[in-house]
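Peer 1: Sequence and predicted structure are below.
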Amino acid sequence: MLNKYPLWKNLLIVVVLVLSVIYAAPNLYPPDPAIQITPSRSGAELTEETLSRVHKSLDDAGIEFFGEEQNGQTALLRLRSSDAQLPAKSAVQRVIGDEFIVALNLAPTTPQWLIDLGAGPMTLGLDLSGGVHFLMEVDMDEYVTGKINNYRQELRTRLREENIKYRRVVVEDKTLRLSFDAAEVRGDARNFIAKSYREFVITDEQEGQYFDLLLTINEQQIKSFEDYALKQNLTTIRNRVNELGVAEPLVQRQGRNRIVVELPGVQDTAEAKKILGKAANLEFRLEALPGVSRFQTEEYPFRADEYRTAKLEKTVITNGDSVTNAKPSFDENGMPQVNIDLDAKGGAMMTQVTAKAIQRRMAVLFVERKPKTTYELVDGVEQPKTIQITEKSIISLATIQSTLGNSFRITGLESGEASELSLLLRAGALAAPMYFVEERTVGPSLGKENIQMGVQSVVIGLGLVLLAMTVFYRVFGIVANIALLANIVVLVALMSIIGATLTLPGIAGIVLTVGMAVDANVLIFARIREEMKNGRSPQQAIHEGYDRAFLTIFDANLTTLIVAVILFAVGTGPVKGFAVTLSFGILTSMFTAIVVTRAIVNLIYGGRRVESLSIGGKV
């Protein structure tokens, strides 16, 4: 029988549409602006006393909040207005200090029954108030100073190997000063350094009875150091973003020493800031032997117990830069540990040192550069000021039982510490310290305006198309309109299910999809009219119209889909967002414009005698 779908096909279409409504529904529930409070280091506790101080600070600032949620050591406070986020963050951070991270967030409002079905809203891009923008600055001065200190250690070793006796090798500002007892020895050292270290500008100087060499790194080498530091930090930040599982992130260089990070759709912004901003590294050092000069040792507290300390040798065996892999696990007693793999250079140094240090203790020193907020009076008003401090603490001090090589393990950690440490090491160490100079969400102003304009463009475009289809194609136009609305619902549901990120260009893709969807119906309806003019019966005209228009529609959509796939493959950021929406829109419009409209037309006209069709025009 012409124009009659079997029951199973009609049921399949109904199931698809019902599921689409369910999985598109969470997008009707916009998230609440919120602030999130998380301890800045593992082991710190978010107590009731701390939360009481947070509540009081918000009350004193006149900021209304509700819906407090606490999950482990993380607290989330919902706010009435997105404009209150920054004032709330400032008020809370001032009260609880740097022991906690206060981050801006968006709290979901999806009903629990939808969450239980696995439904969730689309992730909105940064331009639609769905993410966080960080501007991070690389501390180049600190990095270059570190390189100079490395040169100091290396030169002392190399001069000893060359039997060139020196008095001292010290760092003065960004210059190395080498002192010798005789001019002849200084001359030998100058010749050796000039031959082996072309990056130094060498100057002779006599200070009292000593003959000195002043070594200054040339500008070209400093520029090379800075380029390396920024590229390495870019790579590390990208790796850390990948570990966070962020959809369509943006990590790019800005100027000489800054990096922009945009994380659309991030829910746990505090964790993102905590992981991205940590200039954390490891140093492996031997515990100092009794009687060693205090000038050759340094004393550090333990990370888990700041009242307990240990003296370590200043010489670093190797550091986190040599780590190629790190995985958290548990030892035979169920205690957390991190399994470490070193590269060839780091493994060789570890083997060389530990082979001579059996039964001595080796420390794993955690080095962290972090911001500290202080307040100073500016024109009689207290203004926050952020300075950078470096903290070093021992996370493990264990006896070396046998020679260590490329692989070993770090024990004595807490569960959270093991996971965090392995993530940081696996993602790579920062070549140079970094700190946040700007943090913001695009939402309170521009993002909200973008959403309003985007929705308005979809509504206006959709309204005009619905009106035109109804006027020109009457009943068939109404059928196309129903399918068009279904198309948008299916498209939104599909993007929500796969976790795609909707951006402003993505909304443009939806508007384009609206036009493309009705374009397929225009081709089908025009073909039906043509068949009826050629003398076909209404039932035959419907059948031939859908069958003969299909190949044309398929070819046109296939070529557009190929272009969309290429855009996704070679594009970045907004271009990818447009390509994703366009690709899915092509697939959903093919389904609704051909299958759904045919099912509705079949229900109206199929399986009965029809003398005419309400399709507009003269037939």
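Peer 2: Good, I have the coordinates.
Peer 1: all helices of the stretch 51-200 of the chain, in order?
Peer 2: 85-96, 112-116, 140-161, 183-196 (DSSP state H, counting those that start in this stretch).
Peer 1: so of the ones you listed, which one's packed in deepest?
Peer 2: Counting by mean count of other CB atoms under 10 Å, helix 85-96 has the highest mean neighbour count of the helices of the stretch 51-200 of the chain, with a mean of 18. Yep, even glycine has a C-beta here, placed from its N, CA and C like the rest.
Peer 1: Which residue is the nearest non-sequential neighbour of the residue sitting nearest the centre point of the chain?
Peer 2: In the chain, the C-alpha nearest the mean C-alpha coordinate belongs to Val241, at 3.5 Å (CA atoms, centre = their mean). Distances taken as CB to CB, 6 or more residues apart in numbering put Pro249 closest to Val241, at 4.8 Å, once the chain neighbours are dropped.
Peer 1: check contacts around that neighbour.
Peer 2: Shown in contact with Pro249 (CB atoms under 8 Å, 6 or more residues apart in numbering): 241, 261-264.
Peer 1: What is the nearest of those residues to Ala599?
Peer 2: Nearest to Ala599 out of the contacts of Pro249 is Pro264 (CB to CB; 36.8 Å).
Peer 1: Quick check: beta-bridge partners of that closest one?
Peer 2: Taking DSSP bridges as the rule, Pro264 bridges to Gly131.
Peer 1: so it makes contact with Ala500?
Peer 2: No: contact criterion CB atoms under 8 Å: Pro264 and Ala500 do not qualify, at 10.8 Å.
Peer 1: Go through the helices of the stretch 51-200 of the chain and name the closest to Ser496.
Peer 2: helix 112-116 (10.3 Å).
Peer 1: rounded to a whole number, what's the mean pLDDT of that closest one?
Peer 2: When pLDDT is averaged over helix 112-116, the result is 91.
Peer 1: where do the helices sit along the stretch 201-350 of the chain?
Peer 2: Assigned by DSSP H, counting those that start in this stretch, the helices in the stretch 201-350 of the chain fall at 219-244, 269-277, 344-354.
Peer 1: Let me see the mean pLDDT of the longest one.
Peer 2: Mean pLDDT, taken over the full extent of helix 219-244, equals 81.
Peer 1: which strands and helices sit next to it?
Peer 2: strand 131-138, helix 140-161, strand 250-254, strand 258-264, helix 269-277, helix 415-427 (3 or more CB pairs under 8 Å, 6 or more residues apart in numbering; DSSP states H and E).
Peer 1: any idea how far Asn481 is from Leu250?
Peer 2: Per CB to CB, to the nearest Å, Asn481 is found 38 Å from Leu250.
Peer 1: Looking at the two, which is more packed in?
Peer 2: Asn481 (21 against 18; other CB atoms under 10 Å).
Peer 1: can you tell me which residues contact the more buried one?
Peer 2: 465-466, 469-470.
Peer 1: Name the nearest of the contacts of Pro249 relative to Val364.
Peer 2: Val364 lies nearest to Val241 out of the contacts of Pro249, by CB to CB, at 26.1 Å.
Peer 1: Quick one: classify the residue lying farthest from the centre of the chain as helix, strand or coil.
Peer 2: Within the chain, Gly535 marks the point farthest from the mean C-alpha position, 62.4 Å out by CA atoms, centre = their mean. Three-state call for Gly535 (DSSP: H, G, I helix; E, B strand; the rest coil): coil.
Peer 1: Equivalent analysis for Asp555, please.
Peer 2: helix.
Peer 1: Switch the contacts of Pro249 over to CSV; also include distance to Glu376.
Peer 2: Putting the contacts of Pro249 into CSV (distance: CB to CB, whole Å) gives the following:
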residue, distance to Glu376
Val241, 34
Val261, 28
Glu262, 31
Leu263, 31
Pro264, 35
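Peer 1: Looking at the residues you listed, which is nearest Glu49?
Peer 2: Leu263 (31.7 Å).
Peer 1: thought Ala119 was touching Ser496?
Peer 2: Yes: at 7.1 Å, Ala119 and Ser496 qualify as touching, with contact defined as CB under 8 Å.
Peer 1: got any residues that touch both of these two?
Peer 2: Applying CB under 8 Å, 6+ apart, one finds that Ala119 and Ser496 are jointly contacted by 23, 26.
Peer 1: The stretch 351-500 of the chain: helices as residue ranges?
Peer 2: Under DSSP H, counting those that start in this stretch, the stretch 351-500 of the chain gives helices at 415-427, 446-498.
Peer 1: which one of these is the most hemmed in?
Peer 2: helix 415-427 (a mean of 21).
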